[in-house]
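Asker: 3D model of this:
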Amino acid sequence: MSNDKEGQASVRGGSRIGPLANLPVFFKLGGKRVVLVGGGEPALWKAELLAASGAHVEVFAETFADGFSGLEAAPPSGQILLVRRRWTADDVAGAALAVGSFGDEADAAAFAAAARAAGVPVNVVDRPTFCDFQFGAIVNRSPLVVGISTDGAAPVFGQAIRSLIESLLPESFTLWAAAARDLRRDGARLGDTPDAKRRFWRRFTDLAIARSDRGPTQDDLDHLIAGQTAGPEPVAIIDVGEDVDELTLGAIRLLRAADDIFFDTSIPAAVMDFARREARRHPVASGQGNSREVGDALARRAAGGSRVVRLRLSTEPRTTARPT
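Answerer: Purely as a prediction, here's the structure:
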């Protein structure tokens with residue numbers, strides 16, 4: 001977990017963020033021309049990625065690997081045009097981005113120089129010296145997109161981080177993010193002041209996390225716009241073993257979304273690291289876990305609209321939900 005004192009000291013010292021190896025930005029490429037040089041497998045993946053972002057990709061090469069012709073015929077989005085000849089400096093002019101894949105150092109240097117002379121940001125695959133920007137690992141829940149970079153130092157590590165994040169972001173977030181995009185187009189319905197709009201988006205986010213097993217329904221959105229909740233949540237009961245690695249992804253998601261956590265004091269401390277910093281923690285002493293007092297407290301919190309998790313130490317780890 002992060003050190004709050006270190007973070008506070010950083011803000012007080014005038015800097016709210018530490019040094020960055022790269023500035024993480026997201027290019028809007030819809031309908032824009034991108035030049036890609038290279039006909040091998042590395043260039044094929046870049047062509048697919050750029051087209052998926054809506055770009056009009058012109059690919060220059062004398063020969064193309066298998067897969068290019070099919071991609072040209074049916075790109076995931078945008079357009080792909082295969083140009084069967086060597087590139088020239090004039091081809092780069094006016095492009096939004098220039099990307100190249102070269103086996104020869106001199107060819108890579110010439111391409112980077114031509115792009116920079118034309119004022120076009122350039123990336124040369126696997127040659128950081130010639131790169132103005134880099135492609136990181138991507139978690140795609142579009143329109144929710146997560147980019148991961150190790151500044152080229154450890155691509156395999158970046159891919160492992162991507163897999164971890166993918167396991168924690170359910171596919172349903174694609175639907176919630178798309179709903180958020182659509183709602184923004186009619187912002188007047190979400191509140192008449194900035195504070196009211198912020199409250200709406202907090203409710204929206206809370207519901208998306210609580211309902212991460214599915215996308216939003218029209219009733220969900222109508223209740224959110226009306227300033228209502230969808231009713232009390234069931235209490236999630238998580239039986240935890242002594243090995244933290246036995247926690248399921250579903251259990252971790254519930255912990256990260258919880259407002260109130262009632263936990264046996266014998267629960268491994270590392271389990272609580274998965275909880276939000278803002279979550280209220282309620283230790284339950286040994287022998288009191290099934291008491292009426294604890295049950296009443298769970299019910300009161302859930303009836304008040306809190307997302308409640310009950311953590312119990314057990315020899316048979318599992319996750320259940322109990323209606324309030």
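Asker: Residue 161 touches residue 139, doesn't it?
Answerer: No - with contact defined as CB atoms under 8 Å, residue 161 does not reach residue 139; the gap is 9.2 Å. (C-beta placed from N, C-alpha, C; glycine too.)
Asker: Now list whatever residues contact both of these two.
Answerer: Common neighbours of residue 161 and residue 139, using CB atoms under 8 Å, 6 or more residues apart in numbering, are residue 148.
Asker: need the strands for the chain, in chain order.
Answerer: For the chain, applying DSSP state E gives strands covering 33-37, 56-60, 79-83, 97-100, 122-124, 137-141, 144-148, 235-240, 260-264, 280-284, 308-313, 318-322.
Asker: What is the shortest one packed up against?
Answerer: Read it as strand 122-124. The helices and strands touching strand 122-124, judged by 3 or more CB pairs under 8 Å, 6 or more residues apart in numbering; DSSP states H and E, are strand 97-100, helix 105-117.
Asker: In it, which residues are buried?
Answerer: 122-124 (16 or more other CB atoms under 10 Å).
Asker: contacts for it?
Answerer: 97-102, 108, 111-112, 115-116, 130-135.
Asker: Identify the residues contacting the nearest residue to residue 109 once chain neighbours are set aside.
Answerer: Spatially, and ignoring its direct neighbours in sequence, residue 109 is nearest to residue 130 (6.5 Å; CB to CB, 6 or more residues apart in numbering). Contact analysis of residue 130 by CB under 8 Å, 6+ apart lists 108-109, 111-112, 122, 124.
Asker: One more pass at 10 Å, please.
Answerer: Under the criterion of CB atoms under 10 Å, 6 or more residues apart in numbering, the neighbours of residue 130 are 100, 102, 105, 108-113, 115-116, 122-124.
Asker: And for residue 291, the neighbour number?
Answerer: Residue 291 has 12 neighbours, counted by other CB atoms under 10 Å.
Asker: and if you look at residue 168?
Answerer: 12.
Asker: ditto for residue 278
Answerer: 7.
Asker: Confirm for me that it is in contact with residue 306.
Answerer: No - the pair residue 278 and residue 306 does not pass the contact test of CB atoms under 10 Å, sitting 11.8 Å apart.
Asker: Give me the common contacts of the two.
Answerer: Common neighbours of residue 278 and residue 306 (CB under 10 Å, 6+ apart) are 258-259.
Asker: Thought residue 239 was touching residue 316, still the case?
Answerer: Yes - when contacts are counted by CB under 10 Å, residue 316 is listed as touching residue 239 (6.2 Å).
Asker: Look at these two and report which has more neighbours.
Answerer: Each of residue 316 and residue 239 has its neighbours counted (other CB under 10 Å); residue 239 has more, 18 against 6.
Asker: what's the spacing between the more buried one and residue 249?
Answerer: 16 Å (CB to CB, to the nearest Å).
Asker: before we move on, what about residue 306?
Answerer: For residue 306 relative to residue 249 (CB to CB), the value is 22 Å.
Asker: between the two, which one's more packed in?
Answerer: Shown here are residue 306 and residue 249; by other CB under 10 Å, residue 306 has more neighbours (18 against 10).
Asker: need the contact list for residue 214.
Answerer: When contacts are counted by CB under 10 Å, 6+ apart, residue 214 touches 170-172, 175-176, 220.
Asker: Look up phi and psi at it.
Answerer: Geometry field for residue 214 lists phi and psi as phi -160, psi 170, criterion degrees, to the nearest 10.
Asker: State the pLDDT value of it.
Answerer: With respect to pLDDT, residue 214 has a value of 93.
Asker: for residue 94, same thing?
Answerer: pLDDT at residue 94 comes out at 97.
Asker: ok, the residue most central in space within the chain to residue 310 distance?
Answerer: Among the residues of the chain, the one closest to the centroid is residue 146, at 3.8 Å (CA atoms, centre = their mean). Noted for residue 146: a distance of 31 Å to residue 310, by CB to CB.
Asker: Same question for residue 40.
Answerer: On the measure of CB to CB, residue 40 and residue 310 end up 55 Å apart.
Asker: higher neighbour count, these two?
Answerer: residue 310 (24 against 16).
Asker: quick one: contacts for the more buried one?
Answerer: Residue 310 sits in contact with 235-239, 258, 260-264, 282, 284, 289, 294-295, 297-298, 320, 322, where contact means CB under 10 Å, 6+ apart.
Asker: which residues of this protein score low on pLDDT?
Answerer: Along the chain, the parts satisfying pLDDT under 70 run over 1-16, 228-233, 317-324.
Asker: Helices of that one, residue ranges please.
Answerer: 4-12, 41-52, 68-73, 89-92, 105-117, 155-168, 173-184, 194-210, 218-225, 249-257, 269-272, 292-303 (DSSP state H).
Asker: So for residue 21, which of those helices sits nearest?
Answerer: For the helices of the chain, the distance to residue 21 is smallest for helix 155-168, at 12.1 Å, taking CB to CB.
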